[in-house]
Every structure is written in C-alpha cells, then in structure tokens.
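In: Sequence first, then the predicted structure:
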Amino acid sequence: MVPATRAANNIENTAESLQEDLARLELQKRALERELAAVAAHLDSVQRALGALSVLMSDPAGAARSTSTGDADRYHDVKAVAETSPSLVEESPVDSTSRSRTPEQQQYGQLTEQIIDFFAHAADSEVRARDVAAALGRDTDSGSINAVRSTLDRLVGTSRIQRAGRGLYRAL
C-alpha cells in the first residue's frame, strides 16, 4: 500500500505544480498580448507620422507654424490639432492587424495610438493631460482623464513622449 500512496502523492504534487504553472503562464500571456498591442499601435502611429512628414516635406509652406508655451496659445494649438485631425476622436478603421486582435487588445492600443497620433500633430507644443483628453473626446469624467494621464505617464516611461514640466507633456 505504501507505493500506491506515494504514487498518489506524486500525482497530486504534479497536478498542483501544473496548476501553478498554468496560472503563471496565463498572466504572462496577457502581459505579452498587451505589450504586442502597444507595439502594434506604436508601429501604426509611426507609419502615420512618416506619411504626414512626407506630405509636409512635399509642402514646406504648410510646415511653418509658430508655437508658444502660453496657456491660451497651447489651448488653440490643441484645438487646431483636434480640428485638423478628426481621426483622433473617431474610431480607428479596422485593418488586417486589428481584425486578429482581441477586443481587450484593441481597446488597450487604441488610446495609446490616439495619444501618439495627437502628439505627431502637436509639434513642439506643451500640453496638459486634460487638454489631450479634451482633444480625444475623453474629458467626460475624471476616470477618462486619469486613463489619459496614466497612458501619458507610461509613454514618458517608454520614451515615446517627454515630460516638459509638471503636468505638461511634449512630443519627442
């Protein structure tokens, strides 16, 4: 009977070990999916920025624009970006990469992508998180503004945008 008990204990230990591995691997999979969604969003935004830059390079008159750090000028710069880039507040069109992503991945990357796209059009303007949220149509409640603020901080941490001062952000 002792060998049968030992075999049962081994099976239980193996099952527990596999359960722990499964939970760890599921967490790791979700983290990697989020990271992949962020990379895909960044890739899309870089491609769009390159497209916009090629248009500006072919039309240098449109590239001239004065910027200022004053609050009134910053507000008008943010408003101008929102008006000239309605795609920032609209849903992103479905492309081949978003069709294969889960809804969680699409939502995760969508805000990041919108913010990167916003800063691609904002030039050297220093912008507050609340202004970014307003330009993206996400200033309806404090939770939405905080989501924008958290995403901005994450983008600063990954060196995709820079902090220009307390509560101010600027494109690189």
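Out: Cool, got the structure.
In: Tell me how many other residues surround Ile145.
Out: Ile145: 18 surrounding residues under other Cβ atoms under 10 Å. The way it works is simple: take the backbone N, C-alpha and C, and place the C-beta from them, glycine included.
In: Need the nearest residue in space to it, chain neighbours excluded.
Out: Of all residues not flanking Ile145 in the chain, Ala133 sits nearest, at 4.6 Å (Cβ to Cβ, 6 or more residues apart in numbering).
In: What of Ile161?
Out: Leu155 (4.7 Å).
In: is it true that that neighbour touches Glu113?
Out: No: if you go by Cβ atoms under 8 Å, Leu155 and Glu113 don't touch, sitting 10.9 Å apart.
In: Please tell me the pLDDT value assigned to Glu126.
Out: We have a pLDDT of 90 for Glu126.
In: Now do it against Leu155, distance only.
Out: Distance, Glu126 to Leu155, by Cβ to Cβ, to the nearest Å: 15 Å.
In: quick revisit: determine the number of other residues adjacent to the residue nearest to Ile161.
Out: Leu155: 21 neighbours (other Cβ under 10 Å).
In: Distance check, it against His42.
Out: Between Leu155 and His42 the computed distance is 9 Å (Cβ to Cβ).
In: between the two, what contacts are shared?
Out: Residues touching both Leu155 and His42 (Cβ atoms under 8 Å, 6 or more residues apart in numbering) are Thr112, Ile116.
In: Look at the residue nearest to Ile145 and tell me its secondary structure.
Out: helix (DSSP: H, G, I helix; E, B strand; the rest coil).
In: what residues are up against it?
Out: By Cβ under 8 Å, 6+ apart, the residues touching Ala133 are Asp139, Ser144, Ile145, Val148, Arg149.
In: For those residues, pick the one with the most neighbours.
Out: Within those, most neighbours by other Cβ under 10 Å means Val148, with 23 neighbours.
In: Am I right that it sits in a strand?
Out: No: assessed with three-state DSSP, Val148 is helix; it does not lie in a strand.
In: tell me the contacts of it?
Out: Applying Cβ under 8 Å, 6+ apart to Val148 gives the contacts Leu111, Ile115, Ala129, Val132, Ala133, Leu136, Arg138.
In: what do you get for Leu155?
Out: Per Cβ under 8 Å, 6+ apart, neighbours of Leu155: Thr112, Ile115, Ile116, Ile161.
In: Surely the second one touches Thr151?
Out: Yes: with contacts defined as Cβ under 8 Å, Ile115 counts as touching Thr151 at a distance of 5.7 Å.
In: before we move on, back to that, filter the contacts of Val148 down to the ones in helices?
Out: Judged by DSSP state H, the subset of the contacts of Val148 located in helices is Leu111, Ile115, Ala129, Val132, Ala133.
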